[in-house]
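A.B. asks: please find the sequence and the predicted model below.
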Amino acid sequence: MPPVKIMSKYADYTSASDEELVGGAKKGDMGAFEELVARHRDKIYARAFSMMRNEDEAVDLSQEAWVKSWQRLEQFQGESSFGTWVTRIVINLCLDQLRRRKRHRTESIEEMDEESGGVERQMPVVTVNPTERLERGELRKKIEGAMDKLSHEHRTVLVLHEFEEMEYKEIARTMECSIGTVMSRLFYARRKMAALLADLKTETKS
């Protein structure tokens, strides 16, 4: 018996809907999955970058998200769009990475403090990675610069609420904190962003 050609009616995958491509990918059609990646990879990378503020980490985490989405494809039931589902995967990967980084930084500072008592002398110089590939005019650069100045907790809650349109309850579950904490962080993040952008506007005029 000759092998069955999956999704044979789609000579060109670009003519298929996401739902049809997911159906084909679930049956093992890698071409269908590659088309899904091509359609959504820019958004997934952009979301990872908005949270991590580092191009290399954003590339690594977005790639890991695609691996996990392939591995977990059977779990996707279509309750949301495919793009939203993969976005949730990359968001969770970013949050895990940020938590690991925070734990490591805390442990490293405590270790340096115990060994030498000179934490300030040993702290590395932190430089902001420029958003060379993502510049989209002056406004985009101003927003990126302001985002860099937020803590990862405040930046994350802003991304999840403003860009992903997640509700407080879902954000609280994702970030493992209370709804009150989410509301407080969002209020602070918005106020901080408004102040930073106002300062930049003043600098531009002067």
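C.D. replies: Yes, it's here.

A.B. asks: could you count how many residues lie near Ala194?
C.D. replies: Around Ala194 there are 11 other residues, counting by other C-beta atoms under 10 Å. Using the backbone N, CA and C atoms, a C-beta is placed for each residue, glycine as well.

A.B. asks: to clarify, my last question referred to Arg41.
C.D. replies: 15.

A.B. asks: which of the helices and strands in this structure ranks last by mean pLDDT?
C.D. replies: In the chain, no helix or strand scores lower on mean pLDDT, DSSP states H and E than helix 119-122, which sits at a mean of 40.

A.B. asks: could you measure from the most centrally placed residue in the chain over to Leu158?
C.D. replies: Nearest to the geometric centre of the chain sits Ala48, at 2.7 Å (C-alpha atoms, centre = their mean). Applying C-beta to C-beta, to the nearest Å, the value for Ala48 to Leu158 is 15 Å.

A.B. asks: and the closest residue to the residue nearest to the centre of the chain other than its chain neighbours, how far from Val159?
C.D. replies: Ranked by C-beta to C-beta, 6 or more residues apart in numbering and with sequence neighbours excluded, the top spatial neighbour of Ala48 is Ala58, at 4.0 Å. Ala58 is 13 Å from Val159, where distance means C-beta to C-beta.

A.B. asks: ok, those two, which is more surrounded?
C.D. replies: Neighbour totals were compared for Ala58 and Val159, and Ala58 leads with 23 against 20 (other C-beta under 10 Å).
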